[in-house]
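Peer 1: prediction below, plus the sequence it came from.
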Amino acid sequence: MRGLNYMQFVKKSKINFGDFKLVGIVSIIAMIILWITLRIYILYFNVGGNFNYAYISIIKQNYIPSFNDKNFENSKRVFFEDFKNFFGINLLNPLSIVKKEINVMNSTYVDESNLSSNMYNQLNGNAIDDGVTSMSKNSKDEKARILIYHTHTTEAFKPAKNDSFYEQYNIVGIGDVLKNELEKNYNIEVVHDKTIHNTSYLESYKRSGETLDKYLSEFEDFDLIIDLHRDSLDNKNLVTTQIENKDVAKIMFVLTKNNPNFLESEELAIDLTSLANDLYPGFARNILYYNNGSNSFNQTKSSKLVLIEVGAQLNTVEEAINSAKLLSTVIGEYLAKE
């Protein structure tokens, strides 16, 4: 090599600086990922090894939009599960990013023979048709009093996985149970919209808001509007109770403060939560408050709108059905007093 200048060495060695550039970019990305991971785990240990409070601390440091932890349940909500619930992305599974944007990849087929005949009779086995609306009216002059719709239409219960297009496993089927019970026992007219809004998870509330606008334009307003969801938690005990010797998925009302109707919405949620626990002690969890809910959870569109979580992904379909029946009694009794 003696007597060989630098450029001659490069030419002779045939070094490809493009490869160095690629390696450099990959190294930078890897360091960024490592830095974020270390930040999360340092914060984790700084709060006593509790991911629940690590999550709250991250929120308070404005890494993501915050919500009020004042009434946050004293649970061990796993950080990664909460991140998944908030963004629709599983940090431990990069493929989930693709799945949330192409939702059909996240649907689950389950053998229908796994369902008991009693359960199957309560929930029909049809896949959701985009935009299908279930309406039952005794006469054209009779006003629909309740609207039920689902921002995250494919949220599912056991034996399915997290998402399913089949009504016998997902939140739409639970909406059918709620509608049928209200109409049968309280003669309350219900509109149940089954539009799939979460084909793109991040635009779910925008899309459900458009659906809501359509019904508000047609009906002007309702006595109650329900955006029916299913929560995501790692501890089934937090979302399950026994009522009348049956396992029941607990319910929870969710509010956001970036809403001019907040005080009215809060009063409605408090009244329904109190009535639920008066009728069935332990049935309703504490109200969950957000400071900046996505698209205000559409709660700006009506002070009669409530977002209700029924159980979580660990609950069975049967537990969710039991919950819907009790919820129908809570709603029926509440409207009877109005």
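Peer 2: Structure received. Numbering: from 1, shown residues only.
Peer 1: burial check on S302, number of neighbours?
Peer 2: Neighbourhood size, S302 [other C-beta atoms under 10 Å]: 18. Every residue, glycine included, has its C-beta placed from N, CA and C.
Peer 1: now do the contacts for the closest residue to it other than its chain neighbours.
Peer 2: In space, and not counting its chain neighbours, S302 is closest to I225: 5.5 Å by C-beta to C-beta, 6 or more residues apart in numbering. Neighbouring residues of I225 by C-beta atoms under 8 Å, 6 or more residues apart in numbering: 146-147, 149, 212, 302, 304-306.
Peer 1: 6 Å instead, please
Peer 2: When contacts are counted by C-beta atoms under 6 Å, 6 or more residues apart in numbering, I225 touches 147, 302, 304-305.
Peer 1: buried residues in stretch 180-196?
Peer 2: Neighbour-count burial for stretch 180-196, counted by 16 or more other C-beta atoms under 10 Å, picks out 180-183, 186, 188-196.
Peer 1: who's the residue nearest to S302 bridged to?
Peer 2: On the basis of DSSP bridges, I225 is bridged to L147, L305.
Peer 1: please report how far it lies from I331.
Peer 2: Distance, I225 to I331, using C-beta to C-beta, to the nearest Å: 12 Å.
Peer 1: who are the packing partners of the host helix or strand of L212?
Peer 2: Per DSSP states H and E: L212 is located in helix 204-219. For helix 204-219, there is no helix or strand it packs on, judged by 3 or more C-beta pairs under 6 Å, 6 or more residues apart in numbering; DSSP states H and E.
Peer 1: residues of it that come out buried?
Peer 2: Here helix 204-219 shows 204-205, 207-209, 211-212, 215-216 as buried, counting by 16+ other C-beta under 10 Å.
Peer 1: other residues contacting that helix?
Peer 2: Helix 204-219 is contacted by residues 144, 147, 149, 151-152, 193, 195, 197-198, 294-295, 298, 301 when judged by C-beta under 6 Å, 6+ apart.
Peer 1: identify the farthest-apart pair in the residues you listed.
Peer 2: A144 and S294 (26.6 Å; C-beta to C-beta).
Peer 1: list the residues that contact V310.
Peer 2: For V310, the contact set (C-beta under 6 Å, 6+ apart) comprises 174, 230, 249, 251, 320, 323.
Peer 1: just those residues: which are in strands?
Peer 2: Applying DSSP state E to these, the entries found in strands are 230, 249, 251.
Peer 1: just the pLDDT at I174, thanks.
Peer 2: Per-residue pLDDT puts I174 at 97.
Peer 1: go ahead and confirm it touches A320.
Peer 2: Yes: between I174 and A320 there is a contact under C-beta atoms under 6 Å: 4.9 Å.
Peer 1: in terms of neighbours, single out the busier of those two.
Peer 2: Using other C-beta under 10 Å, the more surrounded residue of I174 and A320 is I174, with 30 against 26.
Peer 1: contacts only, for that one.
Peer 2: 310, 320, 324.
Peer 1: sorry, back to before: dump the contacts of V310 into JSON lines; add distance to N237 as well.
Peer 2: Below are the contacts of V310 laid out as JSON lines (distance: C-beta to C-beta, whole Å):
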{"residue": "I174", "distance to N237": "20"}
{"residue": "R230", "distance to N237": "17"}
{"residue": "A249", "distance to N237": "12"}
{"residue": "I251", "distance to N237": "16"}
{"residue": "A320", "distance to N237": "16"}
{"residue": "S323", "distance to N237": "15"}
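Peer 1: between those residues, which is nearest S27?
Peer 2: Distances from S27 to those, taken by C-beta to C-beta, are shortest for R230, at 41.2 Å.
Peer 1: which residues touch the closest one?
Peer 2: R230 sits next to 155, 171, 310 when contact means C-beta under 6 Å, 6+ apart.
Peer 1: report pLDDT for it.
Peer 2: Reported pLDDT for R230: 97.
Peer 1: closest to L288 out of the buried residues of helix 204-219?
Peer 2: Among these, Y205 lies closest to L288 (C-beta to C-beta), at 15.8 Å.
Peer 1: once you drop chain neighbours, what's closest to that closest one?
Peer 2: Nearest to Y205 is N295, by C-beta to C-beta, 6+ apart, at 3.6 Å.
Peer 1: what is the neighbour count of that neighbour?
Peer 2: So N295, with other C-beta under 10 Å, has 18 neighbours.
Peer 1: what of the one 3 residues further on?
Peer 2: By other C-beta under 10 Å, the residues close to N298 number 25.
Peer 1: quick one, what contacts it?
Peer 2: N298 neighbours (C-beta under 6 Å, 6+ apart): 209, 212.
Peer 1: again with A269
Peer 2: 253, 255, 287, 306.
Peer 1: that one and H150: what is the separation?
Peer 2: For A269, the distance to H150 - C-beta to C-beta - is 18 Å.
Peer 1: before we move on, what about S323?
Peer 2: For S323 relative to H150 (C-beta to C-beta), the value is 15 Å.
Peer 1: same question for K179.
Peer 2: Taking C-beta to C-beta, one finds K179 at 12 Å from H150.
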